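Asks: Show me the folded form of this:
(one chain, ligands or ions: 1)
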Amino acid sequence: MREFKDLVRPNIWELSPYSSARDEYSGHEAHVFLDANENPYNQPVNRYPDPLQRELKETMAKIKGVRPEQIFFGNGSDEAIDLVYRCFTRPGVDNVVAIEPTYGMYKVCADINDVEYRPVPLDERFQMSSEKMLAACDERTKVMWVCSPNNPTGNLMDRREIEKLLEGFDGIVVIDEAYSDFSLKPVFRQEVSRHPRLVVLNTMSKAWGCAAIRLGMAFAQKEIIDLFNKVKYPYNINHLTQEKAMEMLRSPFEVDKWVKILLLERERMIEAFKLLPICKKVYPTDANFFLAKMTDANKIYQYLVENGIIVRNRNRVALCGNCLRITIGTKSENSQLLSALRQW
Ligand SMILES: *Cc1c(COP(=O)(O)O)cnc(C)c1O
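Replies: All right, here's what the predicted structure looks like:
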């Protein structure tokens with residue numbers, strides 16, 4: 001079994017991080033700030049924000065059922081995805097293993113970091129085989145990527161199969177739970193205290209309705225979070241984002257209400273799609289979207305664009321031939337999509 005240190009890029013293990021003005025005085029109450037070359041006017045945006053987002057982490061920890069020191073905030077989950085590569089994988093040397101098809105950023109960040117990406121196809125039910133995932137590893141495999149509920153397929157991965165990865169792989173296992181707010185099943189976020197090499201991703205971009213503020217998060221044990229904090233830009237989460245996120249966290253019932261409506265709409269849309277002559281199959285989903293196999297995805301996609309309606313054409317994605325990915329919108333938006341398709 002590899003030591004934690006063996007998993008980390010050697011230069012990152014050795015790195016002394018940038019120390020910001022606000023890092024250095026901690027432990028004292030201060031009221032005169034002449035340390036950061038800020039302008040004293042134009043409050044509140046004149047000051048550098050808290051580099052460790054302490055207030056936000058306290059509140060988020062309660063909502064997510066984890067400890068504040070188990071949270072990393074990024075400029076979207078995408079920052080956390082990139083940090084996983086920059087902390088754990090050596091360019092041109094290491095590799096990662098991922099389910100296929102899945103969220104495109106895992107591969108893009110692998111390419112940017114010059115890290116070999118090993119896709120392992122899901123089965124015909126879009127389920128992961130832990131056996132195949134483990135068979136794709138060698139001694140240079142540092143990270144495994146699992147997305148559950150998966151994008152673009154929509155389904156949760158079998159929990160037992162994910163557990164087998166956690167038991168059988170001695171590197172970092174990342175489980176992206178961007179859509180878990182739409183599912184009632186237990187989440188792996190709650191398991192980070194039991195698994196020292198587990199990283200779970202969440203985001204404010206989906207159920208929380210905050211894609212524009214760019215706030216994603218990673219949950220993991222402190223050892224991993226400390227590494228992310230060392231490598232991230234010092235002020236990666238800006239003040240306006242922290243403010244808006246705090247405001248959202250004060251109204252979690254609003255989010256529950258949205259999720260309920262979206263799930264009802266999802267059922268309505270799926271039933272309606274099943275009746276469309278141009279829809280051959282709707283795949284099971286645990287997210288705020290569903291994947292539908294159509295008679296001719298390219299033509300239908302183009303027809304919808306001409307009618308001002310944009311869905312995601314996944315025709316060219318592995319195992320998703322002739323599939324469109326449909327996000328659940330408002331009742332009116334959903335109805336517009338249905339009426340356009342009925343007029344095909
Ligand atoms: C939408 C999505 C995200 C969110 O990314 P952000 O950068 O936080 O907006 C992450 N993972 C998956 C699988 C997604 O579909």
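Asks: so what secondary structure elements neighbour whichever strand or helix holds residue 142?
Replies: Using DSSP states H and E, residue 142 sits within strand 141-147. Where contact means 3 or more C-beta pairs under 8 Å, 6 or more residues apart in numbering; DSSP states H and E, strand 141-147 is packed against helix 77-88, strand 95-100, helix 159-168, strand 172-176. For every residue, glycine as well, the C-beta is placed using N, CA and C.
Asks: What lies in contact with stretch 176-187?
Replies: For stretch 176-187, the surrounding residues in contact (C-beta atoms under 8 Å, 6 or more residues apart in numbering) are 77, 103, 145-149, 151, 156, 159, 188-189, 200-203, 205-208, 255, 259, 262-263, 286-288.
Asks: Check the residues you listed one by one and keep those near the ligand.
Replies: Restricting the contacts of stretch 176-187 to those near the ligand by C-beta under 6 Å from any ligand atom leaves 77, 103, 147, 151, 203, 205-206.
Asks: of all the residues you listed, which two lie farthest apart?
Replies: Spatial extent of those (C-beta to C-beta) is set by the pair 147 and 205 at 14.2 Å.
Asks: Between these two, point out the one with more neighbours.
Replies: residue 147 (24 against 18; other C-beta atoms under 10 Å).
Asks: how close does the closest residue to the more buried one other than its chain neighbours get to residue 199?
Replies: With sequence-adjacent residues excluded and distances taken as C-beta to C-beta, 6 or more residues apart in numbering, residue 147 is closest to residue 176, at 4.2 Å. Counting by C-beta to C-beta, to the nearest Å, the gap from residue 176 to residue 199 is 9 Å.
Asks: Just give the number of residues close to the residue in the chain positioned nearest to the ligand.
Replies: Closest to the ligand within the chain is residue 76: 2.5 Å, counting by C-beta to the nearest ligand atom. A count of nearby residues for residue 76, using other C-beta under 10 Å, gives 19.
Asks: sorry, back to before: okay, now the residue nearest to residue 147: neighbour count?
Replies: Neighbours of residue 176 using other C-beta under 10 Å come to 28.
Asks: If it is in a bridge, with which residues?
Replies: residue 147, residue 201 (DSSP bridges).
Asks: Please report how far it lies from residue 200.
Replies: From residue 176 to residue 200 the distance is 8 Å (C-beta to C-beta).
Asks: How many neighbouring residues does residue 257 have?
Replies: Residue 257 - counted by other C-beta under 10 Å - has 11 other residues nearby.
Asks: you'd agree it is in a helix?
Replies: Yes: Residue 257: assigned to a helix according to DSSP: H, G, I helix; E, B strand; the rest coil.
Asks: what ranges do the strands span in the stretch 101-250 of the chain?
Replies: For the stretch 101-250 of the chain, applying DSSP state E, counting those that start in this stretch gives strands covering 116-121, 141-147, 172-176, 198-203, 216-219.
Asks: could those go into TSV alongside mean pLDDT?
Replies: Converted to TSV, the strands of the stretch 101-250 of the chain look like this (pLDDT from 0 to 100):
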stretch	mean pLDDT
strand 116-121	98
strand 141-147	98
strand 172-176	98
strand 198-203	98
strand 216-219	98
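Asks: So which of the ones you listed is nearest residue 22?
Replies: When these are compared by C-beta to C-beta, strand 216-219 sits nearest residue 22, at 21.0 Å.
Asks: for that closest one, packing partners?
Replies: Judged by 3+ C-beta pairs under 8 Å, 6+ apart, the packing partners of strand 216-219 are strand 71-74, helix 77-88, strand 198-203, helix 222-231.
Asks: Please list the residues of the stretch 101-250 of the chain that sit near the ligand.
Replies: Residues of the stretch 101-250 of the chain lying close to the ligand by C-beta under 6 Å from any ligand atom are 103, 147, 151, 176, 178, 203, 205-206, 211, 216.
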